[in-house]
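Participant: Okay, here's the prediction I keep looking at, along with the sequence it came from:
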Amino acid sequence: MSSVADWEATPNPVKTNRAGLIGKPVDRYEGPLKVTGTAPYAYEVQPPSPPAYGVMIGAEIAVGRVTGADLAAARAAPGVLAVWTHENAPAQPPRGTKAHPRSSAGSRPALDGDRVTYWGQPVAFVVADTLENAVAAAHLVKLSYAPETPNVDFHGRLIDGVDPPGEKDVEVGDFEAGFKASPVQVDETWTTPIQNHCQMEPCASLAWWEGPDRCIAHTSVQMVKPAQHGLAETLGIDRDGVHLMTRYIGGGFGGKGQTYDDLTLAALAARELGRPVKVAFTRQQMMHGTIHRPATLQRVRLGAEKDGRLNAFSIMTWTHCHSDGAFTEHASNFARALYAAPNRLTGHRLVKLDLPHAGPMRAPGEASGTMSLEVAMDELAEKLGMDPVQLRIVNEPPVDPENGRPFSQRQLVRCLQEGAQLFGWDRRLPQPGQVRDGRWHVGLGMAAAIRGNFLLPAKCSFSVDAEGTITVRQGMTDIGTGTYTVLAQIAAETLGVPLGKVVVEIGDSELPPAPGSGGQFGAATAGSAALAAGVNLRRAVAELAVGDAGSPLHGGDPEAVTFQDGVIALENRSETLSDLIRRTRPEGLTVEGEIRPAQDAQRWSTQTYGAHFCEVGVDVVTGEVRVRRMLGVFAAGRILNAKTARSQLTGGMIWGVGAALTEGNAVDPRYGSLIAQDLAQYLVPAHADIGDLDAIMLDEVDDKANPMGIKGVGELGNSGASAAVANAIHNAVGVRVRDYPITPDKLLAALMARGL
Amino acid sequence: MRTTITVNGEARSLDLDPRTTLLDALREHLKLTGAKKGCDHGQCGACTVLVNGVRINACLSLAVMHDGDEVISIEGVGTPDRLHPVQVAFLNQDAFQCGYCTPGQICSTLGLLAELEAGHPSQETAPGAKPEFTGDEIRERMSGNICRCSAYPQIVAAIRQAAEQMA
Ligand code: FES
Ligand code: FES
């Protein structure tokens, strides 16, 4: 097992970056396909014979039982091939079954009982020869229910909150005593609503069978292996019997970290009907049928000395999950590494409700948690009469304040200072409501950003063929993050070939396994495995050359062989990579590489950091808020591609703007359903909502994070962004709305309460 | 219903269910899957195509209504080997991430450039004035095309680059 010391001491091609491809803002590898509409997403793959179309029907109760189904009219409708409910769906192993003990996921049966546990749960399924016939027949299915009263009132059931499984509050020092003794205090409560991922591509699957033991499935999922294993377990076939592909994914954001009933039903129906079947969620079905970020209530208490130093700090989060679930939105966790304070208390309370499944959504924990703490810091700065940037600098910890571990890298202060300078923070007037621009009250706000960094085990293979082309193969995914591109860069840099000589194949269960995209661990994990494979291929090629009597490099030291512009060389002796392979291995050469977390990785506190600065305009007559300017400055290790990384960061920042101002889904307490069921009601940011917005990345190498010294950026931009918007609103008009999103109705009510 | 639509310059004769949307006719019948289905309700713009030179949401229109119409979908704009300047600009500016909204954004951009050229006003245009090529005009006119990956700043940059190159 490797250690951090090995990583730091060992040179590698990414660190050397001889051709300068690492970090270079190259265009996306798969970009030409995406801009021409020729990248096939799951529903668009052309199967070997014409597909049948499946349509799912969701429950119209939140909790209870399906008591009957009148399917006659649907069955008799034109083109209908199958109509299923739990009564006649094919038998599947009980949920979670693992016939193969090492499966990375258990079975996920669909239509497996009469019990309904959330509104919109798929309870019936229609397959027809065309989409139109399937949709029409679905309207003819008549279901009856025995509904029970749904328990969906989160704020009314806070009292039911319990510690999440296996967790306890974390206290350092004596929080209550420290807080009481503090001369300056903040004690406020924030609420965040349910949020939906709203990936532009609704979940979709296409499946067909090649014999009784072989299912070919295309789906839209962030993690390949659990999808493959879960489907095999559900179908009761060998794990290798499922060939699962997810080559292009129309957005994930955590919501496609798992598969849904579209995949199970497509595969089952394809088997029953003996033809390909495809099934897509409708936009409306996505809201209930896939996971969401759960609502939270967060109480933040800050106790400070008059000089701003925190003496006591606490963030306690209440949140909810599905009645059978345990997912916890860890909105308090990130704060443990953020600011120094001798007395600290953090924890979570989980309430089980009859709502759809809660689950991870971009920056789970940080995105919600910074919406309270980073505003509380602004409130504290105001009470202290201190600049909010300065307050954060004063509370900068020398080591991780919770566990005493040294930081692997921490440039939060530099992010704050450089951001303040670039943004023109010195022009901010601390007294709110001082700046007018026509009908707009203008305010500036800032917030810090933090997001953990992770490395998981992964494998990758590299091949070189007689043309000198390098093929990277990995069961990894690209959900828009840039995986294809950074893998190509690592391969080209490592083997010394131009980018045009690299082929990247990912999103396939038959390729070397990688954990997929999530938790902003993708690039570091997949990339480190790719680097390992690249280094192994270099060694194999070098040994081939020095061992081949026909090579000009024959007899030399394999360690000294260099790779550049498709040429391998030893001092003044050289030949092309393709000549060597054509002569010695005309069939090509393939090697694997692997990454595992370092045994001593836990000795450091490894995070990514940033600072957001935002200028808003607030119209106090209409309550409208406009983000006029926003800048994020981030430190996240070595950057593999300055173009795609910036896009990840700006994308995350815009998510923060949405969460601050428009995004949220309310629960209808009568039915236990979500009110917003489409994109006209659930308001994600649109073009006109986003003005001048940019992200800057500081130079950094974090050699303790992984052999490449990189960290993730996919979620960092989201962390803290909403708080910067909220703080800017306060600076503009002097009121705080602690119930997100900050919509015109709430803002106007707050202004009126202040007599404004 | 027998319907003939000229798609990307080629007359295509189809026997269509009258309930089939233009979007599904393209995607499921003609296998032109570049136009995307993001909502099927006219709320996202992923299905944007040009019909007789004007951008529309293909999911909101029945295919049989387009007998005799000229439809340009993303496949008719350019190919991976021969990209249109708007496609080059999207690639250069990284104006997409997952790529699912992208064909719609690009078709919408072509519609927008034509509308500006023709002087059609928007909400951002001063009353009676000819619209100018400003960031606000671009953002207003592109707001029917949602990008959940939130490539908005990059899309605006791409539209500027494309307009410059096409001028
Ligand atoms: S699919 Fe047509 S607007 Fe969304
Ligand atoms: S690129 Fe993913 S939605 Fe726009």
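Facilitator: On my side now, so go ahead. Ligands and ions are numbered 1, 2, ... in the order given.
Participant: any idea how far the closest residue to ligand 1 within the stretch 201-350 of chain A is from residue A:139?
Facilitator: For the stretch 201-350 of chain A, the residue closest to ligand 1 is residue A:283, as judged by CB to the nearest ligand atom, at 7.5 Å. Quick note: C-beta positions are derived from backbone N, CA and C, even for glycine. To residue A:139, residue A:283 is 17 Å away according to CB to CB, to the nearest Å.
Participant: Those two: which is more packed in?
Facilitator: Set residue A:283 next to residue A:139 and count neighbours by other CB atoms under 10 Å in any protein chain shown: residue A:283 wins out with 22 against 13.
Participant: Quick check: the gap between the spatially closest residue to residue A:637 that is not a sequence neighbour and ligand 2.
Facilitator: Sequence neighbours aside, residue A:711 is the residue nearest to residue A:637 in space, at 3.6 Å (criterion: CB to CB, 6 or more residues apart in numbering or on different chains). According to CB to the nearest ligand atom, to the nearest Å, residue A:711 stands 23 Å off from ligand 2.
Participant: tell me the contacts of residue A:711?
Facilitator: The neighbours of residue A:711, taking CB atoms under 8 Å, 6 or more residues apart in numbering or on different chains as the test, are A:453, A:520, A:524, A:606, A:608, A:636, A:637, A:702, A:705.
Participant: In three-state terms, label whichever residue of chain A sits closest to ligand 2 for me.
Facilitator: For chain A and ligand 2, the shortest gap (CB to the nearest ligand atom) falls at residue A:200, measuring 3.9 Å. Secondary structure, DSSP: H, G, I helix; E, B strand; the rest coil: residue A:200 is coil.
Participant: which residues touch the residue lying closest to it once chain neighbours are set aside?
Facilitator: Distances taken as CB to CB, 6+ apart put residue B:100 closest to residue A:200, at 4.2 Å, once the chain neighbours are dropped. By CB under 8 Å, 6+ apart, the contact list for residue B:100 reads A:41, A:199, A:200, A:201, A:250, A:251, B:36, B:38, B:46.
Participant: Okay, domains of chain A per the record?
Facilitator: For chain A, the structural domains run A:4-39+A:456-596, A:399-454+A:602-753, going by automatic domain parsing.
Participant: separation between the residue of chain A found nearest chain B and residue A:275?
Facilitator: Using CB to the nearest CB, the closest approach of chain A to chain B is made by residue A:37 at 2.1 Å. Distance from residue A:37 to residue A:275, counting by CB to CB: 26 Å.
Participant: what does residue A:390 give?
Facilitator: Using CB to CB, residue A:390 is found at 67 Å from residue A:275.
Participant: between those two, which one's more packed in?
Facilitator: A count of neighbours by other CB under 10 Å puts residue A:275 above the other of residue A:390 and residue A:275, at 19 against 14.
Participant: Now for residue A:147, how many residues are close by?
Facilitator: Other residues within reach of residue A:147, judged by other CB under 10 Å, total 16.
Participant: Identify the residues contacting it.
Facilitator: Residue A:147 neighbours (CB under 8 Å, 6+ apart): A:61, A:62, A:63, A:64.
Participant: How about residue 33, nearest residue that isn't a chain neighbour?
Facilitator: Here I'm looking at chain A. Residue nearest to residue A:33 in three dimensions, not counting chain neighbours: residue A:39, with 3.9 Å by CB to CB, 6+ apart.
Participant: wrong chain, I was asking about chain B
Facilitator: residue A:44 (3.7 Å).
Participant: do residue A:342 as well
Facilitator: Once flanking residues are discounted, residue A:342 sits nearest to residue A:173: 4.8 Å by CB to CB, 6+ apart.
Participant: OK, contacts around that neighbour?
Facilitator: Residues in contact with residue A:173, defined by CB under 8 Å, 6+ apart, are A:312, A:342, A:343, A:344.
Participant: make it 7 Å
Facilitator: A:342, A:343, A:344 (CB atoms under 7 Å, 6 or more residues apart in numbering or on different chains).
Participant: From residue A:72, how far out is the second one?
Facilitator: Summarising the geometry, the distance separating residue A:343 from residue A:72, computed by CB to CB, is 68 Å.
Participant: Kindly report the same for residue A:192.
Facilitator: 46 Å.
Participant: For those two, work out which one has more neighbours and name it.
Facilitator: residue A:192 (28 against 12).
Participant: Let me see the domain layout of chain B.
Facilitator: Taken from automatic domain parsing, chain B resolves into B:2-76, B:85-166.
Participant: For stretch A:562-574, what is the distance to the chain centroid?
Facilitator: Offset of stretch A:562-574 from its chain centre (CA atoms, centre = their mean, to the nearest Å): 41 Å.
Participant: That stretch: end-to-end distance?
Facilitator: Stretch A:562-574 stretches 9 Å from its first residue to its last (CA to CA, to the nearest Å).
Participant: buried residues in it?
Facilitator: Neighbour-count burial for stretch A:562-574, counted by 16 or more other CB atoms under 10 Å in any protein chain shown, picks out A:563, A:566, A:567, A:568, A:569, A:570, A:574.
Participant: Any regions of chain B where pLDDT drops low?
Facilitator: Within chain B, no range satisfies pLDDT under 70.
Participant: That one against ligand 2: which residues are in contact?
Facilitator: B:96, B:97, B:98, B:99, B:100, B:101, B:102, B:147, B:148, B:149, B:151 (CB under 6 Å from any ligand atom).
Participant: Keep only those of these that are in strands.
Facilitator: Within the residues of chain B next to ligand 2, no residue falls in strands by DSSP state E.
Participant: Just the closest of those residues to residue A:134, please.
Facilitator: Nearest to residue A:134, judged by CB to CB, of the residues of chain B next to ligand 2 is residue B:100 at 22.7 Å.
Participant: among the domains of chain A, which is nearest residue A:221?
Facilitator: Closest among the domains of chain A, using CB to CB: domain A:4-39+A:456-596, at 7.4 Å.
Participant: Show me where the stretch 51-200 of chain A has its helices.
Facilitator: For the stretch 51-200 of chain A, the helices defined by DSSP state H, counting those that start in this stretch cover A:72-76, A:131-138, A:175-180.
Participant: so which of those is the most packed in?
Facilitator: helix A:131-138 (a mean of 22; mean count of other CB atoms under 10 Å in any protein chain shown).
Participant: Can you show me the CA trace of that one as CSV?
Facilitator: Written as CSV, here are the backbone C-alpha positions of helix A:131-138 (Å, rounded to 0.1, in the frame of the first residue of the first chain):
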residue,chain,number,x,y,z
LEU,A,131,-44.7,6.0,-27.2
GLU,A,132,-48.1,7.6,-28.1
ASN,A,133,-49.9,4.3,-27.6
ALA,A,134,-48.1,3.6,-24.3
VAL,A,135,-49.0,7.1,-22.9
ALA,A,136,-52.6,6.8,-24.0
ALA,A,137,-53.0,3.3,-22.5
ALA,A,138,-51.4,4.5,-19.3
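Participant: Need the outlier residue of chain A, farthest from its centre.
Facilitator: residue A:549 (51.0 Å; CA atoms, centre = their mean).
Participant: ok, that residue - contacts?
Facilitator: Listed by CB under 7 Å, 6+ apart, residue A:549 has no contact partners.
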